[in-house]
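Visitor: what shape does this take:
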Amino acid sequence: MQELIAQVEELGIEINHTTSLVIIFGIIFLTAIIVHFILHKGVLRAFEKRAQASSHLWPRINYFTVWPLPYRG
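Guide: Predicted structure coming up:
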């Protein structure tokens with residue numbers, strides 16, 4: 001960790017309490033975003049496969065089944 005701090009200070013950025021908190025929260029935020037996208041793609045792919053496998057079990061629902069009232073525009 002000290003090496004990382006030394007490299008950042010060589011760039012001319014002073015490391016104080018606020019800067020270190022911003023760096024830590026930035027790392028946490030970026031990690032969360034990356035994990036979110038990876039899991040999102042995986043979960044969507046799994047749901048899509050399950051939906052395709054079970055599509056023959058579900059009846060087709062059309063507009064009039066869901067909304068039987070006449071449209072009054």
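
Visitor: residues contacting Glu9?
Guide: For Glu9, the contact set (Cβ atoms under 8 Å, 6 or more residues apart in numbering) comprises Ile15. For the C-beta atoms, the positions are set from N, CA and C on the backbone; glycine is no exception.

Visitor: quick one: what helix or strand has it in it?
Guide: In this structure, Glu9 is located in helix 2-10 according to DSSP states H and E.

Visitor: what mean pLDDT does that helix have?
Guide: What helix 2-10 shows for mean pLDDT is 84.

Visitor: also stretch 34-43?
Guide: 89.

Visitor: from Gln52, how far out is Tyr45?
Guide: One correction, residue 45 is Arg, not Tyr. Arg45 sits at a distance of 11 Å from Gln52 (criterion: Cβ to Cβ, to the nearest Å).

Visitor: now Leu30: how far from Ser20?
Guide: 16 Å.

Visitor: again with Gly12
Guide: As judged by Cβ to Cβ, Gly12 and Ser20 stand 16 Å apart.
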